[in-house]
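Trainee: My questions are about this predicted structure, shown below with the sequence.
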Amino acid sequence: MEIERQFLVPKLPALPDSYVQIEQGYIALEPEIRFRAINQERFYLTVKRGAGLAREEFEVEIRADEYANLKKRQLPDTILIQKRRYRIPLDDGYTAELFVHEGHLAGFNYVEVEFGSENEALLFVPPLWFGREVTDDIRFSYGALARKDGAEIVKSF
């Protein structure tokens, strides 16, 4: 189970020097089945089910050739998501994962924080640099943003 809250970020905070480069695509949207490369060194296949605060998640590491094979089978009418992930420690002990996008989502900044329980998540007070919460807004799921019209969704906010 993955428990997280997500927020739009209207203005970037000071960024750490280190980040990971992520490339992410989809082979299905219901359930959400994605393939992901981290710095083109590690590769994952993830299945997510549900929406909102708590979602089922299953993830396995795969080989580079399996990743390449999945990439060839990317869901039609979707675009690979290109993003950098920064891990930013927060004052309350949590870690924010800030995503700065490139490609068709360039200019879109998004942050999420993971929690051990739903109660923890509900008690979390976001820092001032976090913007509007979109945890329950399915328009901001990465499956929706990977669609060719994903850029139009983020431009409207």
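Mentor: Yep, it's here.
Trainee: I'd say residue 153 and residue 138 touch.
Mentor: No: between residue 153 and residue 138 there is no contact, the gap being 10.4 Å when judged by C-beta atoms under 8 Å. (Each C-beta comes from the backbone N, C-alpha and C, glycine too.)
Trainee: between those two, what contacts are shared?
Mentor: Shared contacts of residue 153 and residue 138, defined by C-beta atoms under 8 Å, 6 or more residues apart in numbering, are found at residue 144.
Trainee: Just give the number of residues close to residue 116.
Mentor: Residues lying near residue 116 (other C-beta atoms under 10 Å) number 8.
Trainee: quick check, it in a strand?
Mentor: No: applying DSSP: H, G, I helix; E, B strand; the rest coil, one finds residue 116 to be coil, outside a strand.
Trainee: got a list of what it touches?
Mentor: Taking C-beta under 8 Å, 6+ apart, we find residue 116 in contact with residue 3.
Trainee: Per-residue pLDDT of it, please?
Mentor: Looking at residue 116, its pLDDT is 96.
Trainee: Could you do residue 47 as well?
Mentor: pLDDT, residue 47: 97.
Trainee: What's opposite it in the beta bridge?
Mentor: With DSSP bridges applied, residue 47 shows beta-bridge pairing to residue 33, residue 58.
Trainee: And residue 7, by the same measure?
Mentor: Going by DSSP bridges, residue 7 is paired in beta bridges with residue 111, residue 133.
Trainee: The longest helix that the chain contains: what's the following helix or strand?
Mentor: The helix spanning the most residues in the chain, taking DSSP state H as the definition, is helix 64-72. Downstream of helix 64-72, the next assigned helix or strand under DSSP states H and E is strand 81-89.
Trainee: what residues does that following strand touch?
Mentor: With C-beta under 8 Å, 6+ apart, strand 81-89 has contacts from 13, 15-16, 18-25, 95-103, 105, 142, 145-146.
Trainee: Narrow the residues you listed to those in strands?
Mentor: 20-25, 95-102 (DSSP state E).
Trainee: Put together TSV for those, with neighbour count on each row.
Mentor: Converted to TSV, the ones in strands among the contacts of strand 81-89 look like this (neighbours: other C-beta atoms under 10 Å):
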residue	neighbour count
20	15
21	14
22	19
23	19
24	18
25	21
95	12
96	20
97	16
98	24
99	20
100	20
101	20
102	15
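Trainee: Which pair in these has the greatest spatial separation?
Mentor: Spatial extent of the ones in strands among the contacts of strand 81-89 (C-beta to C-beta) is set by the pair 25 and 95 at 25.4 Å.
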